[in-house]
Each structure stands twice: as C-alpha cells, then as structure tokens.
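Trainee: dropping a prediction and its sequence here:
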Amino acid sequence: MPELSTDLVVIGGGLGGTAAALTAARLGQRVILVERSDWLGGQLTAQAVPPDEHQWIETPLSSPSYRELRGRVRDHYRRDYPLTDQARAWETLNPGFGNVSRLCHEPRVAALVIQEMLSPLIASGALTVLSPFEAVAADRDGDRIGAVRVRSLRTGHESTLRAPLVVDATELGELLELAGIPYVIGAESAADHGELHAPAVADPFDQQAVSWCCALEYRAGEEHTIDRPAGYAHWRDTVDPRWPGPQLSWDDVVPDLLTTRTRPLFAGAAADLEAAGTDDLWHYRRILARRNLAPGFPGGEITLVNWPQIDYWELPLLGVDDATRQSALQGARELTLSLVHWMQTEAPRPDGGHGYPGLRLRGDVTGTEDGLAKEVYIRESRRIKALFTVTEGHIGREMRGAEAGAAHFDDSVGIGYYRIDLHPSTSGRTYVDIDCFPFQIPLGALLPLGTGNLLAAGKNIGTTHITNGAYRLHPVEWSIGEAAGALSAYCALSRTTPEAVHGTGHLLTGYQRLLTDRLGISLAWPDDIRAPRARHDSIPKEVTAHAG
C-alpha cells in the first residue's frame with residue numbers, strides 16, 4: 001500500500017473541497033485532493049444544480065476566485081459557442097436565461113472550467129487529484145488524524161495519505177464518521193440552541209429531501225419517451241401530507257407561504273421557448289437558451305430539472321444502514337425518471353392534450369448514460385460539533401428583529417447570503433423557509449471540538465439544521481473551502497495550529513489579512529446591506545434582464 005505525504009489532504013472535491021485545494025496550492029502548498037466522482041465541483045457539476053446566488057454576486061463583495069470561476073464559464077461560451085452578437089457582447093452573459101440565477105449553464109461546462117483552473121497546479125506538481133477515489137478509513141493519533149486511507153473506485157488499490165492538516169469536504173461529512181469525530185445529524189431541539197423554528201424534540205431523521213437532477217432538451221414533434229419506471233404508479237398516485245397532491249403534477253408549494261401554486265412546463269398554449277422571465281418550470285433553471293445562439297445552431301433548448309416535484313423524502317441517507325441508504329438513492333432516481341415519463345406521456349397541456357414526447361434526456365450534459373446527474377443533490381450533511389455553532393439567533397430576521405442585521409463575528413473568514421431554505425424532510429415536515437440577513441462565516445464553525453488538525457469545508461460546518469439552510473449554497477460553500485485552504489497555508493507559514501489561530505488575537509489578525517490583502521476576500525458586509533430596512537431576496541427579480 002503506497003504512502004503519500006503532503007502539506008494538505010482534502011477529502012471531497014465538491015465546491016468547498018475544490019476551493020480549499022485551489023487556494024492552498026496557489027499559496028504554495030502541496031495538496032492531494034480526493035474525489036469519488038470523475039467530475040470535480042459537487043453540486044455545480046456532478047449533482048447538476050445551477051448556482052443559487054445572491055444579488056451582489058457580480059460585485060467585489062463576492063470572492064474573487066468564485067468570480068473567476070463564473071467569468072471562466074462565460075468565457076467558455078463566448079469562445080466556443082456560436083453566440084449571437086448581442087449575447088457575445090453581454091457582459092454578464094447568462095447562457096440559459098434561467099430565472100434562478102444570473103448564470104445558468106451546463107454542468108458539463110463547469111466541470112471543464114474547474115479542470116482549466118486546476119490544470120497549471122496539477123502540471124506543476126502542487127496539486128495531485130485522486131479521482132475517482134473515496135476515503136475508506138482514518139487513523140487517529142490522540143486528538144489528531146494521523147492518516148487517511150483512500151481506495152480507487154476503478155482498480156480497488158489503496159493508498160495512505162498523511163498531512164499536517166486534513167479537510168473534510170465530502171457531501172455527507174463522511175470523514176467525520178471514519179475518524180470518530182463527534183457530529184450531529186438531523187434537527188436539534190428548540191431547547192438545544194433556543195431557535196424559534198426548531199422542533200420541540202430533536203429528531204436525527206429530520207433530514208432535508210435529496211433530489212436526483214436531470215437535464216432535458218425539448219425537440220417538438222420528436223419521440224423520446226423513456227420506459228415506464230418500476231415505481232411510476234406509486235409516485236403518480238400517492239398523496240402525501242407534505243404536498244398538495246401527487247408529486248407527479250404541475251402543483252407544488254410556495255415555500256415561504258406554504259400555499260399551493262400551479263406552474264406548468266411551458267407558459268401559454270404552446271411551448272414558448274423564446275419567453276424570458278416567465279413563471280413556468282422550463283425557464284426556471286434553463287441552462288441553454290436558443291435566443292443566445294446563432295440561427296444555424298442545430299441543438300435545442302436545455303433545462304435542468306431540480307424542481308420541487310423530484311424532492312425525495314421517503315427515507316434518509318444518514319443514521320441508517322447501507323441497505324436503507326441504497327434504497328433511498330434508488331427511490332430518488334425512480335422519482336425523477338417517473339416525473340420525466342409522466343411529462344412525456346400523461347402531463348396535461350394547456351391545449352387540452354397530454355404529454356410532451358419531445359422531451360429528451362441529455363445525459364451528455366450531465367456526463368451519464370441515463371440522463372440523470374452523476375450524483376444525487378444533497379442538501380444536508382453530518383455537521384461537526386464545532387468550537388462555534390451558527391444558530392437562527394445569529395442570522396434569522398424574525399429572531400433578531402427586522403432591522404438588527406446578522407450577528408457580527410470577530411473571527412469572520414468570509415461572507416454569504418441566502419434565505420434559510422429547508423426542503424420537505426424525511427420526518428414528515430414540509431418546507432421551513434425563513435428570512436435572514438446577509439451573514440459572515442465564523443472561523444470557529446470550521447473547527448471541530450476534540451480534533452486539532454481537521455477542518456470542515458462543506459455542509460458539515462458548525463451550523464444547525466436550521467442555519468444549514470442558508471450556508472449550504474454554491475458561493476458560501478466555495479468561500480468556506482477557500483478559507484480552509486488559506487488557513488492551512490497560514491498555519492504552515494506561521495508554524496501554528498487552527499485552534500491557536502482562532503484563539504490568539506495576533507494570529508487571527510494575520511490570517512484575516514491573508515484573506516483580505518492577498519486573496520481579496522470580504523469579511524464583512526457594508527452596514528446598509530448587513531442591516532437593511534427592507535428584506536432582501538436571495539434570487540434577484542432582475543436576473544433575466546438582458547443588458548443588450
């Protein structure tokens with residue numbers, strides 16, 4: 001079994017892990033990055049979720065390296081796609097014109113761009129990427145992780161990795177369990193942290209729904225109907241109290257109001273692919289829009305299905321045996337395929353007919369043969385018992401008062417913003433959707449109690465079940481990973497430890513200067529944003545406005 005020693009080991013190559021590896025390597029460290037998928041980028045790529053972002057994402061308040069990632073995505077389309085002159089000149093090009101983000105794009109493109117960003121670091125030897133690999137064991141040496149054993153998913157060969165610091169950036173906090181690090185799953189009780197919207201009794205099986213996303217192209221007049229999935233009748237006919245009716249319908253729930261709404265696939269009597277800003281499912285997460293492409297482009301429009309109808313909540317992924325976990329994953333896949341089959345065959349159309357057989361699964365866009373994403377979209381992970389835990393009382397508008405702003409963290413390592421957005425859960429609860437303030441990311445939330453050389457860099461940081469709903473989105477996860485990578489470099493340079501940086505004034509100041517002066521990271525929101533008189537919307541209304 002080969003043994004590899006390096007400066008930093010990062011387990012998990014999602015957005016947090018990629019940002020941690022990229023940042024540490026750019027700061028001069030030798031890094032080994034381990035990822036189960038053959039695509040880096042996690043929720044942006046392998047899980048196929050267009051980025052959910054706040055309205056300041058295009059400004060210097062967002063992380064420069066995250067803006068670089070977004071800029072490179074736009075450059076890819078400008079360089080390699082037959083865009084119209086208007087689209088090519090559009091400074092904030094939105095390839096898909098999707099309503100959910102200013103940058104709706106194909107997950108395949110994001111995977112290519114991430115490889116481009118890492119390529120010079122790999123060539124120089126600063127970064128080694130082990131993919132597809134997974135961690136299978138972790139050796140403890142007192143309060144430290146001495147080594148992590150990883151296995152190739154292709155050959156079965158194992159390697160032992162050693163480093164002064166280890167980052168857990170896995171999607172489910174898998175290294176926490178392997179290394180025996182204390183963690184929390186599911187929902188804490190209201191008594192645990194005094195949170196207004198926490199349940200009265202803690203429930204480890206109150207875990208957010210997962211979603212197995214897919215990409216669909218629409219080719220009117222063609223036939224692309226898939227075989228009827230085995231679980232189709234169950235999803236078509238079952239009515240659940242979390243939902244206004246069967247999940248295979250155009251009806252879903254308005255998260256913050258808990259009222260029923262109807263959103264068809266296409267607005268109007270016909271499939272209007274040219275419409276922008278319409279409140280239908282096709283435009284919601286559209287990732288390639290015909291209006292941006294020259295008339296001779298032979299392909300059709302593509303949308304990304306991450307809709308409420310594919311939220312799978314029947315079984316949890318955490319705190320259960322492997323057979324139950326596999327049943328949950330299979331159920332999530334069957335739900336998505338059932339929705340696709342229903343849309344192709346039985347879905348009511350505005351013209352009185354049924355079905356859109358021209359809907360075509362695009363596995364080439366998601367990197368798979370079956371058209372689904374490579375990995376299930378995970379909203380909730382194991383969470384470390386951290387030196388500091390962010391609670392609803394730190395960021396929630398209702399708990400803090402309408403104009404109070406979020407709590408100020410002296411140990412801030414970055415900023416973020418998204419509403420507290422919890423999807424229906426495996427415990428039977430429906431949406432919990434709570435307004436919050438733009439917030440900071442405290443260093444203490446990245447540091448677990450009792451383990452001196454592990455950093456959390458994903459959905460596994462010290463949040464609660466409630467506040468995870470705000471800290472789990474793309475740019476925040478990237479900023480968390482970026483902070484972890486920079487901390488590793490700073491600890492090596494200063495010959496210190498993460499806990500010492502957190503607890504020592506001059507060390508913390510030096511680390512924060514690295515973040516601000518070297519990396520250009522904002523550690524606090526301006527007062528007019530941090531404590532606004534009116535609420536912010538995480539998804540900007542003007543997201544589909546074309547500059548041209």
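Mentor: That came through, no problem. Remember, predicted model here, so these are calculated numbers, not experimental data.
Trainee: surely Leu4 forms part of a strand?
Mentor: Yes. Using DSSP: H, G, I helix; E, B strand; the rest coil, the assignment for Leu4 is a strand.
Trainee: so what's the residue count around the nearest residue to it once chain neighbours are set aside?
Mentor: Nearest residue to Leu4, sequence neighbours excluded (Cβ to Cβ, 6 or more residues apart in numbering): Leu161, at 5.4 Å. Yep, even glycine has a C-beta here, placed from its N, CA and C like the rest. As a burial measure, Leu161 scores 25 neighbours (other Cβ atoms under 10 Å).
Trainee: so Leu161, which state does it fall into?
Mentor: strand.
Trainee: Glu403 too?
Mentor: coil.
Trainee: rewinding a little: hey, what's the residue nearest to Leu4 bridged with?
Mentor: Beta-bridge pairing for Leu161 (DSSP bridges): Leu4, Val148.
Trainee: now swap in the one 4 residues further on and tell me
Mentor: Per DSSP bridges, residues listed as beta-bridge partners of Leu165: Leu8.
Trainee: rewinding a little: tell me the contacts of the residue nearest to Leu4?
Mentor: The contact partners of Leu161, taken as Cβ atoms under 8 Å, 6 or more residues apart in numbering, are 3-6, 9, 32, 34, 147-150.
Trainee: again, 7 Å this time
Mentor: Going by Cβ atoms under 7 Å, 6 or more residues apart in numbering, Leu161 touches 4, 9, 32, 147-148, 150.
Trainee: pLDDT below threshold where in the stretch 1-150 of the chain?
Mentor: Residue ranges of the stretch 1-150 of the chain with pLDDT under 70: 1.
Trainee: likewise the stretch 201-350 of the chain?
Mentor: Low-confidence segments of the stretch 201-350 of the chain, defined by pLDDT under 70, span residues 268-278.
Trainee: could you pull out the strands for it?
Mentor: Counting by DSSP state E, counting those that start in this stretch, one finds strands in the stretch 201-350 of the chain at the ranges 210-211, 214-218, 251-254, 259-262, 286-288, 301-305, 311-312.
Trainee: need the residues that contact the first one.
Mentor: In this case it means strand 210-211. 306, 310-312, 317, 332, 376-379.
Trainee: 10 Å - rerun?
Mentor: For strand 210-211, the surrounding residues in contact (Cβ atoms under 10 Å, 6 or more residues apart in numbering) are 47-49, 171, 305-313, 315-317, 328-329, 331-332, 335-336, 373, 375-380, 423, 426.
Trainee: what helix or strand is Thr509 on?
Mentor: Using DSSP states H and E, Thr509 sits in helix 505-513.
Trainee: return the distance of that helix from the chain's centre.
Mentor: 29 Å (Cα atoms, centre = their mean, to the nearest Å).
Trainee: now the helix or strand that it is followed by: mean pLDDT?
Mentor: Note on helix 505-513: by DSSP H and E, the next helix or strand toward the C-terminus is helix 527-530. Average pLDDT, helix 527-530: 93.
Trainee: report the separation between the residue of the chain most remote from its centre and Ser249.
Mentor: Going by Cα atoms, centre = their mean, the residue of the chain most distant from its centre is Gly352, 37.7 Å out. Counting by Cβ to Cβ, to the nearest Å, the gap from Gly352 to Ser249 is 17 Å.
Trainee: ditto for Tyr81
Mentor: 35 Å.
Trainee: how about Ile11, phi and psi?
Mentor: Main-chain torsions, Ile11, degrees, to the nearest 10: phi -100, psi 110.
Trainee: can you pull the contacts of it?
Mentor: Counting by Cβ under 10 Å, 6+ apart, Ile11 makes contact with 17, 32-36, 130, 133-135, 138, 145, 148, 150, 161, 166-170, 174-175, 178-179, 454, 457.
Trainee: can we see that at 6 Å?
Mentor: 34, 135, 168, 170, 175 (Cβ atoms under 6 Å, 6 or more residues apart in numbering).
Trainee: count of neighbours near His474?
Mentor: A count of neighbours around His474, defined by other Cβ under 10 Å, yields 28.
Trainee: no wait, Ala89
Mentor: 12.
Trainee: for Ser5, which non-adjacent residue is spatially closest?
Mentor: Excluding the flanking residues, the one nearest Ser5 by Cβ to Cβ, 6+ apart is Arg162, at 4.7 Å.
Trainee: my guess is that neighbour contacts Leu4. True?
Mentor: No. The pair Arg162 and Leu4 fails to qualify as a contact (Cβ atoms under 6 Å) at a distance of 7.2 Å.
Trainee: how far off centre is stretch 404-419?
Mentor: 19 Å.
Trainee: my bad, stretch 313-333
Mentor: The answer for stretch 313-333 is 20 Å, by Cα atoms, centre = their mean.
Trainee: distance of His283 from Arg382?
Mentor: The spacing between His283 and Arg382, counted by Cβ to Cβ, is 35 Å.
Trainee: just give the nearest non-adjacent residue to Gly14, would you?
Mentor: Leaving aside its sequence neighbours, Gly14 sits nearest to Gly42 (Cβ to Cβ, 6+ apart; 2.4 Å).
Trainee: helix/strand/coil for the closest residue to Leu178 other than its chain neighbours?
Mentor: Nearest residue to Leu178 in three dimensions, chain neighbours excluded: Ala138, at 4.3 Å (Cβ to Cβ, 6+ apart). For Ala138, the assignment made with three-state DSSP gives strand.
Trainee: what residues does stretch 30-44 touch?
Mentor: By Cβ under 6 Å, 6+ apart, the surrounding residues in contact with stretch 30-44 are 6-11, 13-15, 18, 21, 24-25, 45-46, 49, 110-111, 114, 126-134, 150, 161, 374-375, 474.
Trainee: quick one: contacts of stretch 523-530?
Mentor: 405, 412, 415, 438.
Trainee: give me the pLDDT for the first one.
Mentor: What the model reports as pLDDT for Gly405 is 96.
Trainee: list the contacts of it.
Mentor: Contacts of Gly405 by Cβ under 6 Å, 6+ apart are 437, 530-531.
Trainee: got the domain boundaries for the chain?
Mentor: By the assignment in automatic domain parsing, the chain contains the domains 3-82+117-188+381-391+448-521, 210-366.
Trainee: quickly compare those domains and say which is most buried.
Mentor: domain 3-82+117-188+381-391+448-521 (a mean of 21; mean count of other Cβ atoms under 10 Å).
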